[in-house]
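Asks: this is the structure alone, sequence omitted:
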Ligand code: DC
């Protein structure tokens, strides 16, 4: 059967990675979480106290981002160290959002991401996958959900982790991140013209996957 590239873009906290992972499993494809790659560079800059853009750009040759499989799950590595458990914080997320605005950082990671697609059979999620990384991807999905719905999901996740979040602060963070992701000069988040929009505000995970598996089967067989 022909192998394709699936590009999944969308706002933060709309379930991109859960959907991308499920689709990759369904298809027997490799899943690549590009947000984790930006988070890895964010963590590096936090650890080395790099704030100036020039210093971050100068450090890029010293940064190696990779992936390893741990118990069937994909973990991101920074210079060989498994950093998966350290990158899912608000602090690293905000730092990733800032460094992702630097043109050289994007070029550095986009080149690696494009290489990962050489043999197709890949599901990649991020913000610029259908527009910049793989503009010729056979299937492009653009996921979205209302900010209040995404804030509630993030709020529930934090409560589950034992934290005591403030809903209004979580919603403000979702809105700030959306603004930065869609207004940056370099590769802002936008929907590719040929992307299929999936608004999952009022869909269950099962309803969503049913729609997405159908779109995938159609793309593979076309
Ligand atoms: O999807 P995420 O929350 O893990 O992404 C972290 C940040 O990285 C997000 O604010 C935007 C940035 N990002 C990006 O600019 N381009 C991508 N392809 C993926 C993520």
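Replies: Yes, it's here. Predicted model only: the values in this text are computed from it and were never measured.
Asks: okay, CA-based contacts and neighbour counts for the rest of this
Replies: Fine.
Asks: quick one: end-to-end distance for stretch 194-204.
Replies: 25 Å (CA to CA, to the nearest Å).
Asks: show residues contacting that stretch.
Replies: 14, 130, 139-146, 149, 208 (CA atoms under 8 Å, 6 or more residues apart in numbering).
Asks: go with 6 Å
Replies: 140-146 (CA atoms under 6 Å, 6 or more residues apart in numbering).
Asks: can you flag the buried ones in those residues?
Replies: Among the contacts of stretch 194-204, those classed as buried by 16 or more other CA atoms under 10 Å are 140-145.
Asks: of those residues, which belong to strands?
Replies: Secondary-structure check on those using DSSP state E: residues within strands are 140-144.
Asks: adding distance to the ligand, write those out as a markdown table.
Replies: Written out in a markdown table, the entries for these read as follows (distance: CA to the nearest ligand atom, whole Å):
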| residue | distance to the ligand |
| --- | --- |
| 140 | 14 |
| 141 | 13 |
| 142 | 13 |
| 143 | 12 |
| 144 | 13 |
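Asks: burial count for the nearest residue to residue 166 once chain neighbours are set aside?
Replies: Leaving aside its chain neighbours, residue 166 sits nearest to residue 155 (7.8 Å; criterion: CA to CA, 6 or more residues apart in numbering). The burial metric for residue 155, expressed as a neighbour count using other CA atoms under 10 Å, is 21.
Asks: and the pLDDT at residue 155?
Replies: On the pLDDT scale, residue 155 is placed at 94.
Asks: interface residues of the protein facing the ligand?
Replies: Taking CA under 6 Å from any ligand atom, the part of the chain that reaches the ligand is made up of 12, 34-36, 38-39, 93, 96-97, 100, 126-128, 181.
Asks: now do the helices in the protein.
Replies: With DSSP state H applied, the chain shows helices at 16-27, 34-47, 53-59, 90-99, 103-116, 147-160, 167-183, 205-221, listed in chain order.
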